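A.B. asks: curious how this folds, go ahead:
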Amino acid sequence: MKKSTFTAEYASLLAVIKTEREGRGITQEELARRLGVSQTFVSKCERGERRIDAVELSWFCQAIGISLVQVIRRAGLEPAKIH
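C.D. replies: As a prediction, the model looks like this:
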């Protein structure tokens, strides 16, 4: 299995985060302030230079004002239902 950071799915996830941030008029600087990190950290995460783990992803979602479930759905990562 290849590392998730280098997959189209991970790129899609990052694109959704960035699009949602920008769509809400939140700058990288503002998001960084909300997260208690540097703007450089946010930039590296959005560009895929720094991997976001599941907990950090939930923090990004909270700071942006979108649910984790919405991000996963918009990124096309919702798993098929198991019957």
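A.B. asks: averaged pLDDT, the helix or strand harbouring residue 69. What do you get?
C.D. replies: Applying DSSP states H and E as the criterion places residue 69 in helix 68-74. For helix 68-74, mean pLDDT rounds to 94.
A.B. asks: so which elements touch the helix or strand containing residue 31?
C.D. replies: Element membership for residue 31 (DSSP H and E) is helix 28-35. Here helix 28-35 touches helix 39-47, helix 54-64, going by 3 or more C-beta pairs under 8 Å, 6 or more residues apart in numbering; DSSP states H and E. Backbone N, C-alpha and C define where each C-beta goes, glycine included.
A.B. asks: circling back: pull the CA atoms of the helix holding residue 69 into CSV?
C.D. replies: C-alpha atoms of helix 68-74 as CSV (Å, rounded to 0.1, in the frame of the first residue of the first chain):
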residue,chain,number,x,y,z
LEU,A,68,-15.5,16.2,9.1
VAL,A,69,-18.3,14.1,7.5
GLN,A,70,-19.0,16.9,5.0
VAL,A,71,-15.3,17.2,4.0
ILE,A,72,-15.1,13.4,3.5
ARG,A,73,-18.2,13.4,1.4
ARG,A,74,-17.1,16.4,-0.7
